[in-house]
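In: Okay, here's the prediction I keep looking at, along with the sequence it came from:
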Amino acid sequence: MLTILYFASLRETVGKASESRGLPANPTVAGLVAELRSRGDVWAAALDAGKRWRVAVNQEMASLDTPLRAGDEVAIFPPVTGG
Amino acid sequence: MLTILYFASLRETVGKASESRGLPANPTVAGLVAELRSRGDVWAAALDAGKRWRVAVNQEMASLDTPLRAGDEVAIFPPVTGG
Amino acid sequence: MHTIRVQTEDFDIAAELAAMRTNPAIGAVASFIGLVRDVNEGTGVATLTLEHYPAMTEKALAAIVGQAQQRWEILDCVLIHRVGTLQPTDQIVLVMVASAHRGHAFDACEFIMDYLKTQAPFWKKEATPDGERWVESRDSDEVAASRWHA
Amino acid sequence: MHTIRVQTEDFDIAAELAAMRTNPAIGAVASFIGLVRDVNEGTGVATLTLEHYPAMTEKALAAIVGQAQQRWEILDCVLIHRVGTLQPTDQIVLVMVASAHRGHAFDACEFIMDYLKTQAPFWKKEATPDGERWVESRDSDEVAASRWHA
């Protein structure tokens, strides 16, 4: 299982802060995002390839080809705006 | 007349903090420094052309060709070390 | 040596400076404070709310400070970032870097701010007369961070 | 808007920051504090005495701040330099620059320090176990100041 967390405007768009789900068929960040996007509606809008979003795996910034393993915590969020 | 001020290590080397004297024959910073240097001894040592010293005229940084006029305040000092 | 804190409470730059000044090898302290402005992109801002990703935040901040410590000779470093709801003129962030000489302190302080702006998981939401809005990231922050790439 | 002071008394960074924070257009405050170190060039320093050229000092500092104000968008600026005899860990100088965004504040603060180091008429004398000695100017300070030439 994966724990998936959503933050800030992306959390508001998809309407949830977290969920648990199994590994995607393609066990990478790209594979997970593709499956989430295939839910359509707000998911397709929020995770549009042209939109700006970032992914962290186990609390470290990740890229599309970062591999995923059972137990990973994946966070998806808009570009950060602290400071 | 000119007022001449000496600061920091240069004041200690020449042994005085200030003096009044007339305009040099060549009424520029270079002309004044040449006449002071011609006093020999500590003056020649302190104002050696190879030594690092700075000159301000009327409280603004000056260069060798800055002209001098009666009433000017000329300050001669080592490179600054504040901050 | 460094201190990293993420907190809702305010902070006091004088207290952080006093703690650093116990080390007499320090000759230079560069610091940065970010404040809430009352106008952003032409619209009045009543409050600013900072959300973060708690499990990741201190880890990300420690990684940024660690990179700075590898690049520059840092004798002490404090990084404090607030979360929660703030008002105009409130303090958001403090970065304070101590070194023997000023060049290292200035560079490391600016590096930490540039990386924090693009790497640390904080998000700002503004309350304006037209309702709430999420602050958009700035391309200029990406450019600022990219300056430090070797 | 700016404040320039040359004084024997100590200063309080928190008080200067609090005064700036009355302006809610300020989003960024960069600052620098110089401290007396207990060792310089391998020798212990017991006290540091700062001499200056009173008639020129504030004029030179105002000229430096004026140049910074022409180059960057500065909302407020404080420059305080102490003179007299100081001990290790004592504060020597404070430069604090406020702007809407951090780039201007950082650049102006570093510019003011670099110019102050090469243009403002202060001289330092150290008391060491081997007697008193005048601090020599550093070529690296000339190089730092020359970075800002257009």
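Out: Perfect, thanks for sending it. This is a predicted model, so every value here is computed, not measured. Numbering: from 1, shown residues only, chains lettered A, B, ... in the order given.

In: all helices for the chain, in order.
Out: I'll assume chain A. A:8-14, A:29-37, A:41-46 (DSSP state H).

In: Chain C was what I was after
Out: Under DSSP H, chain C gives helices at C:13-20, C:54-71, C:102-119, C:139-146.

In: circling back: C:Arg147 is nearest to which of the helices of chain A?
Out: Taking CB to CB, helix A:8-14 is the member of the helices of chain A nearest to C:Arg147, at 26.1 Å. Where you see a C-beta, it was placed from the backbone N, CA and C, and this is true even at glycine.

In: thinking in terms of the whole chain, how far from its middle is the closest one?
Out: Computed by CA atoms, centre = their mean, to the nearest Å, the chain-centroid distance of helix A:8-14 equals 11 Å.

In: would JSON lines of the helices of chain A with distance to chain B, mean pLDDT and mean neighbour count be doable?
Out: Shown next, in JSON lines, are those (distance: least, CB to the nearest CB, whole Å; pLDDT from 0 to 100; neighbours: other CB atoms under 10 Å in any protein chain shown):
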{"stretch": "helix A:8-14", "distance to chain B": "43", "mean pLDDT": "96", "mean neighbour count": "19"}
{"stretch": "helix A:29-37", "distance to chain B": "49", "mean pLDDT": "96", "mean neighbour count": "19"}
{"stretch": "helix A:41-46", "distance to chain B": "52", "mean pLDDT": "94", "mean neighbour count": "14"}
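
In: Distance to chain C added to those, as JSON lines?
Out: Output for those, formatted as JSON lines (distance: least, CB to the nearest CB, whole Å):
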{"stretch": "helix A:8-14", "distance to chain C": "4"}
{"stretch": "helix A:29-37", "distance to chain C": "15"}
{"stretch": "helix A:41-46", "distance to chain C": "13"}
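
In: how about a markdown table for the helices of chain C, with mean neighbour count added?
Out: Formatted as a markdown table, those follow (neighbours: other CB atoms under 10 Å in any protein chain shown):
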| stretch | mean neighbour count |
| --- | --- |
| helix C:13-20 | 17 |
| helix C:54-71 | 17 |
| helix C:102-119 | 23 |
| helix C:139-146 | 14 |
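
In: any chance of these in JSON lines, with mean pLDDT too?
Out: As requested, these are exported to JSON lines (pLDDT from 0 to 100):
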{"stretch": "helix C:13-20", "mean pLDDT": "98"}
{"stretch": "helix C:54-71", "mean pLDDT": "97"}
{"stretch": "helix C:102-119", "mean pLDDT": "97"}
{"stretch": "helix C:139-146", "mean pLDDT": "88"}
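
In: so who does residue 30 touch?
Out: In the absence of a named chain, this looks at chain A. The contact partners of A:Ala30, by CB atoms under 8 Å, 6 or more residues apart in numbering or on different chains, come to A:Leu64, A:Asp65.

In: meant chain C actually
Out: C:96-97, C:99, C:102, C:105-106, C:108-110, D:30-32, D:109.

In: re the thing from before, could I get the helices of chain C as TSV with distance to B:Ala49?
Out: Formatted as TSV, the helices of chain C follow (distance: least, CB to CB, whole Å):
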stretch	distance to B:Ala49
helix C:13-20	44
helix C:54-71	42
helix C:102-119	31
helix C:139-146	46
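
In: Give me the nearest residue to residue 46, chain neighbours excluded.
Out: Using chain A. What sits nearest to A:Ala46 in space, not counting adjacent residues and going by CB to CB, 6 or more residues apart in numbering or on different chains, is A:Thr13, at 4.3 Å.

In: could you do chain C instead?
Out: Closest residue in space to C:Ala46, ignoring its immediate chain neighbours: C:Ala127 at 4.6 Å, by CB to CB, 6+ apart.

In: what does A:Ser63 give?
Out: Nearest residue to A:Ser63, sequence neighbours excluded (CB to CB, 6+ apart): A:Val29, at 6.8 Å.

In: I'd say the one you found and A:Ala62 touch.
Out: Yes - when contacts are counted by CB atoms under 8 Å, A:Val29 is listed as touching A:Ala62 (5.4 Å).
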